[in-house]
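Engineer: the following block contains a protein sequence and its predicted model.
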Amino acid sequence: MEVVEGLNISNEVFLSFLPLSHSYEHAAGMHFPVSLGAQIYYCERVDALINRMSEVSPTIMTAVPRLYETMREKIIHRLKSQNFIRKWLFNKTIELGIKEYEKLKPLNPFDLFVNFLCTILVRKKVQKTFGGRLKALVTGGAPLNYDVGVFFTALGIKILNGYGQTEASPVVSANRPDNIRLHTVGPPLRGVSVKCAKDGEILVKGELVMKGYWKDPDATISAISDDGWLHTGDIGYIDNQGSLIITDRKKDIIVNSGGDNISPQKIEGMICLNEEIDQAAVYGDDKPYLTAVIVTNPDWTKKWIEEYKFDLENENIHENKEFIARISKALLKTNKELSITEKIKKFIFALEPFTTVNAQLTPTFKIRRHAIIRTYRNELDQLYK
């Protein structure tokens, strides 16, 4: 209840689509709405979600960042076919919405008037896409890219970013509706203690911590200290306002040949903001620079094939110079926003998308980086020769 205080809870409707076998959806998508006396609708598949939103008109949805990334990509893609006025109005909505959220300086009278028009002409239409009654989107299960979060915030969609894990029942912290800080996962819930170890690992204590792993005492001892602190395996810190900021998984941190610690999640999130790229996995342990495995956006790829009249039957698109150059250009754009050690120098194409079927995605759509690297290690190592 604490997470949604301030949303005027009454006659809520939830739309669920994540697997109920996962603790996040089990808690946030089933037990939580039941505790509110809410209705729950179950969507049969992800690609039917937009249609079901219009049909069900949910008031609260729990989802994972991958959903918002995909929605953002589709909105931007559709925008390209609009006329100049609609493009200008949409881009102005995003620009003014971000200014309003970030509060770096107050909007002048003209901007306030334009922002009012944007609410009527753009934001209300976006709300209708989500069913017209949406109060908030609750996100967790993976890191939410700030650019994705602020994009929807600018469109008038409230996003409550949170953090947790199965071993912690499964919510540790969350942003509150009256104080949303998208670059954080919010302050800990009431009754939950959080601190960071010397190496940056996040430690959690409270009644929410599990008793232990089923019939695995050794794993339990390594995860929970004698005084009850759960070692989450995540790296982060607590800011001066008491909110938790996650940087990466401890086991996923890349240490290059120069001894620099690099967070791959941040880089992968930025890479996937490019319209050409759908998924990415970064590699570079004990290496002089970073490389990546790239999955291109299927919609963009199809359009590129049609535009260039590419012959898929007789040619390998991943060997086409123009295609490679376009992806290189996208990575170059991302590299401009990264430090020297974070830049992607070379890349390879994945043979297939990362999915739960090939065990390269988790049920909450986080990439299984080590499984991906294991599959493509030989090809990646060739990039360093």
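Structural biologist: Structure received.
Engineer: going forward, measure contacts and count neighbours with C-alpha atoms only.
Structural biologist: Noted.
Engineer: which residue of the protein lies farthest from its centroid?
Structural biologist: Residue distances from the centre of the chain (Cα atoms, centre = their mean) peak at residue 314, which lies 36.9 Å from the mean C-alpha position.
Engineer: distance-wise, check that residue relative to residue 320.
Structural biologist: 12 Å (Cα to Cα, to the nearest Å).
Engineer: which phi and psi does residue 44 have?
Structural biologist: Here is the backbone geometry of residue 44 (degrees, to the nearest 10): phi -70, psi -30.
Engineer: what's the nearest residue to it if we skip its chain neighbours?
Structural biologist: residue 17 (7.0 Å; Cα to Cα, 6 or more residues apart in numbering).
Engineer: just the strands in the stretch 101-250 of the chain please.
Structural biologist: 136-139, 159-163, 173-174, 193-196, 201-205, 230-238, 244-249 (DSSP state E, counting those that start in this stretch).
Engineer: name the helices or strands packed onto the shortest one?
Structural biologist: Same thing as strand 173-174. Identification of packing neighbours for strand 173-174 by 3 or more Cα pairs under 8 Å, 6 or more residues apart in numbering; DSSP states H and E yields strand 159-163.
Engineer: the strand it packs on versus strand 244-249: what angle between them?
Structural biologist: 60 degrees (axes from the mean of the first three to the mean of the last three Cα atoms, to 10 degrees).
Engineer: and strand 159-163, how far from the chain's centre?
Structural biologist: Between the centre of strand 159-163 and the centre of its chain there are 10 Å (Cα atoms, centre = their mean, to the nearest Å).
Engineer: output that strand in CSV with nothing but the alpha carbons.
Structural biologist: In CSV, the C-alpha atoms belonging to strand 159-163 read as follows (Å, rounded to 0.1, in the frame of the first residue of the first chain):
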residue,chain,number,x,y,z
ILE,A,159,6.2,5.8,-13.6
LEU,A,160,7.0,4.4,-10.2
ASN,A,161,10.4,2.8,-10.5
GLY,A,162,11.3,0.2,-7.8
TYR,A,163,13.8,-2.4,-6.8
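Engineer: can you pull the poorly scored residue ranges out of the stretch 51-200 of the chain?
Structural biologist: Within the stretch 51-200 of the chain, no stretch has pLDDT under 70.
Engineer: repeat for the stretch 251-385 of the chain
Structural biologist: For the stretch 251-385 of the chain (pLDDT under 70), the answer is none.
Engineer: follow-up on the earlier one: secondary structure class for the residue farthest from the centre of the chain?
Structural biologist: coil (DSSP: H, G, I helix; E, B strand; the rest coil).
Engineer: quick check: the gap between it and residue 351.
Structural biologist: Taking Cα to Cα, one finds residue 314 at 17 Å from residue 351.
Engineer: dump the residue contacts of residue 148.
Structural biologist: By Cα atoms under 8 Å, 6 or more residues apart in numbering, the residues touching residue 148 are 68, 69, 72.
Engineer: what's the domain layout of the protein?
Structural biologist: Using automatic domain parsing, the domains assigned to the chain come out as 2-154, 253-382.
Engineer: doesn't residue 25 make contact with residue 18?
Structural biologist: Yes. Using Cα atoms under 8 Å, residue 18 is in contact with residue 25, at 6.0 Å.
Engineer: helices of the stretch 201-350 of the chain, residue ranges please.
Structural biologist: Ranges of helices in the stretch 201-350 of the chain, per DSSP state H, counting those that start in this stretch, are 217-223, 264-271, 298-308, 321-335.
Engineer: of all those, which lies closest to residue 86?
Structural biologist: Residue 86 lies closest, by Cα to Cα, to one member of the helices of the stretch 201-350 of the chain: helix 298-308, at 21.7 Å.
Engineer: check which residues of that closest one are buried.
Structural biologist: residue 301 (16 or more other Cα atoms under 10 Å).
Engineer: swap in stretch 203-214?
Structural biologist: In stretch 203-214, counting by 16+ other Cα under 10 Å, buried: 203, 204, 205, 206, 208, 209, 210.
Engineer: got the contact list for it?
Structural biologist: Counting by Cα under 8 Å, 6+ apart, 167-170, 172, 191-197, 219-220, 224, 228-232 sit against stretch 203-214.
Engineer: which of the residues you listed are buried, as a PyMOL select command?
Structural biologist: Listed next is the PyMOL selection for buried residues among the contacts of stretch 203-214, using 16+ other Cα under 10 Å:
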select buried, resi 167+168+170+172+192+194+195+196+220+224+228+229+230+231+232
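Engineer: show me what residue 41 is bridged to.
Structural biologist: With DSSP bridges applied, residue 41 shows beta-bridge pairing to residue 15.
Engineer: in this structure it contacts residue 56, no?
Structural biologist: Yes. Using Cα under 8 Å, residue 41 is in contact with residue 56, at 7.5 Å.
Engineer: and the pLDDT at the residue lying closest to residue 220 once chain neighbours are set aside?
Structural biologist: Closest residue to residue 220 apart from its sequence neighbours, by Cα to Cα, 6+ apart: residue 212 at 5.0 Å. With respect to pLDDT, residue 212 scores 96.
Engineer: also the one 5 residues further on?
Structural biologist: Model confidence at residue 217, given as pLDDT, is 95.
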